[in-house]
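Asker: What would the 3D arrangement of this be:
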Amino acid sequence: MAPDASAARSAAAVLMRLHRGPVTACSLAGYLRSPRAPSKVALCPAGRSITADLAFLRKASARLLWPPPGDLLAGAIEGLLGLETLPHRARRDGGDSGTAFFVEGELGPARVQALAQAGATLLVAENPRTVRLSGALLMRLDRLGIRLLSLEPIEVAGIVASSALARSRSRWKDLFPAGTRVWIRKSR
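Answerer: Residues are numbered from 1 along each chain as shown. Now for the predicted structure:
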């Protein structure tokens, strides 16, 4: 996944050399429009400038990497959906406090406004691809103290970075889980 289709195709060529298996090139926007996109992704900043690459990583992290619900909330959703258990990756220790709503299907601005007015402090989406909210609205939710959780979290397999971006890792490493792989893209 890259900022645009051209960068995505270039990154896919790099990833095909690193990864044994199918690689699909897509932009962040294209990924978010695809209801069947994979839950495991590689992030590939375009490498045009450190500033642009950092902006892409921040945007991708904020838009894709929402934590799963805690055990208590996950158990409640399982019961609601009639499921025996959610996949192990979709659970974590700890409780979620606040008024939680599980949102099936698409979550757009009108639904968010209604849920916020109903006192929601936690919104559990099926996955980030079902959420149709602008970056500005996501920031507003954060300011209001409304957290987004994902029943099917997105996993970052790794980041394809330019040498310059890799050297500035201290500026972006906290955006991703510890141990996230970084592959260095050779200069063009």
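
Asker: use CA for all of it now, contacts and neighbours both
Answerer: Noted.

Asker: Now the lowest-mean-pLDDT helix or strand in the chain - C-alpha only, PDB.
Answerer: Of all the helices and strands that make up the chain, helix 71-81 has the lowest average by mean pLDDT, DSSP states H and E, namely a mean of 80. What follows is helix 71-81 as a C-alpha-only set of coordinates in PDB (Å, rounded to 0.1, in the frame of the first residue of the first chain):
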ATOM      1  CA  ASP A  71     -11.800  -9.500  26.400                       C
ATOM      2  CA  LEU A  72     -15.000  -8.300  28.000                       C
ATOM      3  CA  LEU A  73     -16.200  -6.200  25.000                       C
ATOM      4  CA  ALA A  74     -15.100  -8.900  22.600                       C
ATOM      5  CA  GLY A  75     -17.100 -11.500  24.500                       C
ATOM      6  CA  ALA A  76     -20.200  -9.300  24.400                       C
ATOM      7  CA  ILE A  77     -19.900  -8.900  20.700                       C
ATOM      8  CA  GLU A  78     -19.400 -12.600  20.200                       C
ATOM      9  CA  GLY A  79     -22.600 -13.200  22.100                       C
ATOM     10  CA  LEU A  80     -24.400 -10.500  20.100                       C
ATOM     11  CA  LEU A  81     -23.300 -12.100  16.800                       C
END
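
Asker: Buried residues in it, which are they?
Answerer: Judged by neighbour count (16 or more other C-alpha atoms under 10 Å), helix 71-81 contains these buried residues: 71-75, 77.

Asker: Then stretch 49-66?
Answerer: In stretch 49-66, residues buried by neighbour count (16+ other C-alpha under 10 Å) are 50, 53-54, 56-57, 59-61, 63-66.

Asker: Give me the contacts around that stretch.
Answerer: 3, 28, 43, 45-47, 128, 135, 148-150, 153-155, 164-165, 172, 175-176 (C-alpha atoms under 8 Å, 6 or more residues apart in numbering).

Asker: quick revisit: turn the buried residues of helix 71-81 into TSV, columns for distance to residue 98.
Answerer: What follows is the buried residues of helix 71-81, written out as TSV (distance: C-alpha to C-alpha, whole Å):
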residue	distance to residue 98
71	14
72	12
73	11
74	14
75	16
77	15
